[in-house]
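# My questions concern the predicted model and sequence given below.
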Amino acid sequence: MAKLKVYYDGACPRCVADRHRYEKLRIRSDDSVEWVDISGKEEQLRTTGIDPYLAVTELHVEDAQGHIHRELDAYILLMSRIPLLRPLAWLVGLPVLKPMLSWSYRHWVLRRLRREGRL
């Protein structure tokens, strides 16, 4: 399976918990996901082509070809790796639901960052 690189906010308890949940669900022999904590790595993010502000407000996943997927597209790509989560990935990608979920996701993240004083 082609490797994914997941850029996640290691200063976010929810993001860290999501990472651990994903790792528990993945197939034991599957080491095709590399987790990169973006905390304090603004220059590295810019070099990769990721805006540091957006990296904190949206999940970013880099595929094996070097393409960066953001927000829900990143979640869909990541969830599609886990057989149990594939139906959810399909559901999230539906044209009717995706815009609403995107709005909710963005709203939740911005509220969390404001509450933490990180926005």
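Received it, and whenever you're ready, just let me know what you need.

# Tell me the buried residues in the lowest-mean-pLDDT helix or strand in the chain?
Least confident helix or strand, the chain: helix 13-25 with a mean of 90, by mean pLDDT, DSSP states H and E. Residues 15, 18-19, 22 are the ones in helix 13-25 that count as buried (16 or more other C-beta atoms under 10 Å). To be clear about C-beta, it is placed using only N, CA and C from the backbone, and glycine gets the same treatment.

# tell me which of the residues you listed is nearest to Ile76?
Using C-beta to C-beta, Tyr22 is the member of those that lies nearest Ile76, at 13.3 Å.

# My read is that that closest one contacts Ile82, right?
Yes: checked against C-beta atoms under 8 Å, the pair Tyr22 and Ile82 is within contact range at 7.1 Å.

# by contact count, what packs against the longest helix anywhere in the chain?
Counting residues, the longest helix in the chain under DSSP state H turns out to be helix 98-116. Packed against helix 98-116 by the contact rule (3 or more C-beta pairs under 8 Å, 6 or more residues apart in numbering; DSSP states H and E) you find helix 52-57, helix 71-79.

# That helix to helix 13-25, inter-axis angle?
Inter-element angle recorded for helix 98-116 and helix 13-25: 130 degrees (by axes from the mean of the first three to the mean of the last three C-alpha atoms, to 10 degrees).

# Can you give the distance from helix 98-116 to the centre of its chain?
In terms of C-alpha atoms, centre = their mean, to the nearest Å, the centre of helix 98-116 is set 13 Å apart from its chain centre.

# and it, C-alpha only, in PDB?
C-alpha atoms of helix 98-116 as PDB (Å, rounded to 0.1, in the frame of the first residue of the first chain):
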ATOM      1  CA  LYS A  98     -19.600  17.100   2.300                       C
ATOM      2  CA  PRO A  99     -20.300  20.900   2.300                       C
ATOM      3  CA  MET A 100     -22.200  20.700   5.600                       C
ATOM      4  CA  LEU A 101     -19.600  18.600   7.200                       C
ATOM      5  CA  SER A 102     -16.900  20.900   6.000                       C
ATOM      6  CA  TRP A 103     -18.600  23.900   7.500                       C
ATOM      7  CA  SER A 104     -19.100  22.100  10.800                       C
ATOM      8  CA  TYR A 105     -15.500  20.900  10.900                       C
ATOM      9  CA  ARG A 106     -14.100  24.400  10.200                       C
ATOM     10  CA  HIS A 107     -16.400  25.900  12.700                       C
ATOM     11  CA  TRP A 108     -15.400  23.400  15.400                       C
ATOM     12  CA  VAL A 109     -11.700  23.800  14.800                       C
ATOM     13  CA  LEU A 110     -11.800  27.600  14.800                       C
ATOM     14  CA  ARG A 111     -13.800  27.600  18.000                       C
ATOM     15  CA  ARG A 112     -11.300  25.100  19.600                       C
ATOM     16  CA  LEU A 113      -8.300  27.200  18.600                       C
ATOM     17  CA  ARG A 114      -9.900  30.400  19.900                       C
ATOM     18  CA  ARG A 115     -10.700  28.700  23.200                       C
ATOM     19  CA  GLU A 116      -7.100  27.600  23.500                       C
END
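
# Cool, thanks, signing off.
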